[in-house]
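Undergrad: Output the structure for:
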Amino acid sequence: MSKHIAFLRAINVGGHNVKMDHLRQLFETLELKNVETFIASGNIIFDAKSGSTKNLEKKIEACLHEALGYEVATFIRTNAEVVEIAKYKPFPPSKLETAAALNIGFLADPLNEDAQQKLVGLRTEIDDFHVHGREIYWVCLKKQSDSKISNVTIEKALGVKSTLRGVNTVNKLAEKYA
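TA: Have a look, this model is predicted:
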């Protein structure tokens, strides 16, 4: 068994309110072990047998769709991957020191060249992006409410599903499950 973290899209946003104990129960029906939640925004930690995370993502998505009645895109990383994601420095320290927010977007697969160019096209004077592996790092130099960027904006531009987490959440997950 190895530790995994699922980052779920559309949990407790946009009118989809899901109790964390209900999510835990749903994951347990899939025979996942030691299921925990981390803050009420769709971060689920669990132990699973080694195998294809792609298959596990599909299995979880099907279970959640059936139980909740809507699509919940699921992005799984191992605890070791989350530690590496948290350690990665996508921007110079000077930019991060003055930034209002740094978010990490989780993707199912790395972006192709065309999608990366579309992401570059989203840059503004307050928003910048960096791609590393299956993650997008988005730095916002002012309050996010001043930005026109959102998860929906990113998804529409790139034509792929994603979910965003603040760097503090990712750092706390990395510390707790390292």
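Undergrad: C-alpha from now on. contacts and neighbour counts both.
TA: OK.
Undergrad: what's near enough to touch the residue lying closest to Leu111 once chain neighbours are set aside?
TA: Take Leu111 and drop its neighbours on the chain: the residue closest to it by C-alpha to C-alpha, 6 or more residues apart in numbering is Arg134, 7.2 Å away. Taking C-alpha atoms under 8 Å, 6 or more residues apart in numbering, we find Arg134 in contact with Phe106, Leu107, Ala108, Asp109, Pro110, Leu111.
Undergrad: Roughly how far does Arg134 sit from Thr98?
TA: Separation of Arg134 from Thr98 (C-alpha to C-alpha, to the nearest Å): 26 Å.
Undergrad: could you pull out the strands for the chain?
TA: With strands called from DSSP state E, the chain shows them at 2-8, 33-37, 43-48, 74-78, 101-107, 127-132, 135-140, 162-166.
Undergrad: Which strands and helices lie in contact with the first one?
TA: So that's strand 2-8. strand 43-48, strand 74-78, helix 79-87 (3 or more C-alpha pairs under 8 Å, 6 or more residues apart in numbering; DSSP states H and E).
Undergrad: so the longest one versus strand 127-132, what angle?
TA: Same thing as helix 79-87. 140 degrees (axes from the mean of the first three to the mean of the last three C-alpha atoms, to 10 degrees).
Undergrad: ok, residues contacting helix 79-87?
TA: By C-alpha under 8 Å, 6+ apart, the residues outside helix 79-87 that reach it are Lys3, His4, Ile5, Glu135, Val167, Val170, Asn171, Leu173, Ala174, Glu175, Tyr177, Ala178.
Undergrad: make it 10 Å
TA: The set of residues external to helix 79-87 that reach it, using C-alpha atoms under 10 Å, 6 or more residues apart in numbering, is 2-6, 45-46, 76-78, 88, 104, 132-135, 137, 167-178.
Undergrad: The top helix by length along the chain packs against which elements?
TA: Longest helix in the chain, counting residues (DSSP state H): helix 53-68. Contact partners of helix 53-68 among helices and strands, from 3 or more C-alpha pairs under 10 Å, 6 or more residues apart in numbering; DSSP states H and E: strand 2-8, helix 20-29, strand 74-78.
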